[in-house]
Structures are given as structure tokens and as C-alpha cells.
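Trainee: coords please:
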Amino acid sequence: MDPKPYKPPPREALKTIYADADLLIIDKPSGLLSVPGRGPEKAICAHRILSDDHGPVFTVHRLDMDTSGIMIFARSKAAQRHLSRQFEQRRVDKVYEALVEGCPQPKSGTIDAPIARYSKQRPLRHLDPNGQSAITRWQRIANDGNSARLALFPQTGRSHQLRLHLASLGHPILGDVFYGDPSSHERLCLHAKSLRFEHPETRQKIRFQSDMPF
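Mentor: Now for the predicted structure:
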């Protein structure tokens, strides 16, 4: 399933906000793939742009194409292993923000609902008690009656987790072409606001964040 042609934003829309010998921290724009997709028309992605600008880089984690925000890329295999292990062991503190339809009640909660993929409907996922564990904590931080702004704290990192979990509450993310009303906003209103993790070389905890684009 591919609801629209891939038209990535200009290369300069991707911002490198930190670089050292071990890692790169970027602010990925909405509409840009994290890694190459299927077919030559989907070769332009964050990985490709960073490789062109900085030399070899290695994928640590991904954001959905329509999700914007903070991402980490490693600059060596050793750094990639260290950073990937932190994600696998849930030692990375992740904070997202989203605009959703309606106003979730109460003001906070936890969604614990396993997720599985559809075998023939890529890239869709669905809730399935036999799927992979997926846990999201959320907190409402503002609302105007028709929509609400939520802070999201995913405890796992399943594909489409935040989009599917919020839709399951009856409050899909504005602009979600898969699980909500794509006409509700010009883009998916989901942003990876901050990441806190251990530097692979210094072993010091560091945190990066980006401004909200919506």
C-alpha cells in the first residue's frame, strides 16, 4: 500500500545538528525516507544524503517517512553496535509529540497492545494479541476542543506503533494517511522531539532535541 508518490523534500531540509567521530544527530523532515525504499525512485533518503555529505554512515534506528524529528546515525560499526544495543535494551529515552483528533480522557495513560504486520498490505500493521509487545505512555499537554497535543513516551519501537496505538484510542494523529483522516492536516503531525542515550565512546549520557514544526 502506497497512498501517494514519493516526493522527498529538498536535501537542505535535512539538518545535521551534531557530528563527531562516532555519530551524527539529524533533524529529519517529514516526507523523507530514513533508508532507501523499494525501487530506484526511493533511493533518496536520510542515509543517502548523510553518506554523500559525511562519508560512510550506519543505520541505528528509523523514523517513518512522514514522521519528522531527531535521528541517530553511527559513523562506525562499533558505534552502531553500541547504539543499537541501547535501543534493543530500551535504554534510550524517547519523547515524541503529536496532534490528535479530539481530546483523550483522562489526561494520561498507557497503551499496552501488541502489534503485527499484515502479510499482503505493506506497510500496514494491526493490533494482534499474538503480535510483538508494544507499549506507549502518553500525556495530554494541551487541547482546543477539536484536537489535542500529546507527549508520547514509547517503551518499545514497533513500526507504526504510535500511529496505530493512538488510532486505537479513537484519537488518530492528524494527517495520518494510514490510520486516520489524511485531509485533517497537510502532514502527519508526529515529531520525534528528543532522544537521550549513552555516547558510544565517552559513555556519558547525552540528550538532543528539536523544535516542534507544527
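Trainee: drop to CA atoms for contacts and neighbour counts, all remaining ones
Mentor: OK.
Trainee: those helices in this structure, which residues are they?
Mentor: 46-54, 77-88, 161-168 (DSSP state H).
Trainee: ok, which of those comes nearest residue 113?
Mentor: Nearest of those to residue 113, taken as CA to CA: helix 161-168 at 7.4 Å.
Trainee: now do the buried residues in that closest one.
Mentor: 161, 162, 163, 164, 165, 166, 167 (16 or more other CA atoms under 10 Å).
Trainee: same question, stretch 206-214
Mentor: 208, 209, 210.
Trainee: start to end distance for it?
Mentor: Stretch 206-214 has an end-to-end distance of 25 Å (criterion: CA to CA, to the nearest Å).
Trainee: ok, stretch 168-182 next?
Mentor: Using CA to CA, the two ends of stretch 168-182 sit 16 Å apart.
Trainee: do the same with stretch 20-31
Mentor: 26 Å.
Trainee: now do stretch 144-159
Mentor: 29 Å.
Trainee: likewise stretch 30-37?
Mentor: First-to-last distance for stretch 30-37 - CA to CA - comes to 15 Å.
Trainee: what's next to that stretch, contact-wise?
Mentor: 6-9, 42-48, 59, 62-68, 187-188 (CA atoms under 8 Å, 6 or more residues apart in numbering).
Trainee: swap in stretch 204-214?
Mentor: Contacts for stretch 204-214 (CA under 8 Å, 6+ apart): 25, 27, 69-70, 97, 189, 191-199.
Trainee: flag the shaky bits of the chain, pLDDT-wise.
Mentor: Scanning the chain for pLDDT under 70 picks out 1-3, 119.
Trainee: spell out for me which residue occupies the centre of it.
Mentor: In the chain, the centroid-proximal residue (CA atoms, centre = their mean) is residue 63; its distance is 3.5 Å.
Trainee: not counting its neighbours along the chain, what's nearest that one?
Mentor: residue 34 (6.2 Å; CA to CA, 6 or more residues apart in numbering).
Trainee: how near is the one you found to residue 27?
Mentor: Counting by CA to CA, the gap from residue 34 to residue 27 is 11 Å.
Trainee: swap in residue 127?
Mentor: Using CA to CA, residue 127 is found at 29 Å from residue 27.
Trainee: between those two, tell me which one has more neighbours.
Mentor: Applying other CA atoms under 10 Å to residue 127 and residue 27 shows that residue 27 carries more neighbours, namely 24 against 17.
Trainee: dig out what the more buried one forms beta bridges with.
Mentor: residue 15, residue 70 (DSSP bridges).
Trainee: next, the contact list for it, please.
Mentor: By CA under 8 Å, 6+ apart, the contact list for residue 27 reads 14, 15, 16, 17, 68, 69, 70, 71, 210.
Trainee: dihedrals phi and psi, the last one?
Mentor: The main-chain torsion angles of residue 210 are listed as degrees, to the nearest 10 and equal phi -130, psi 160.
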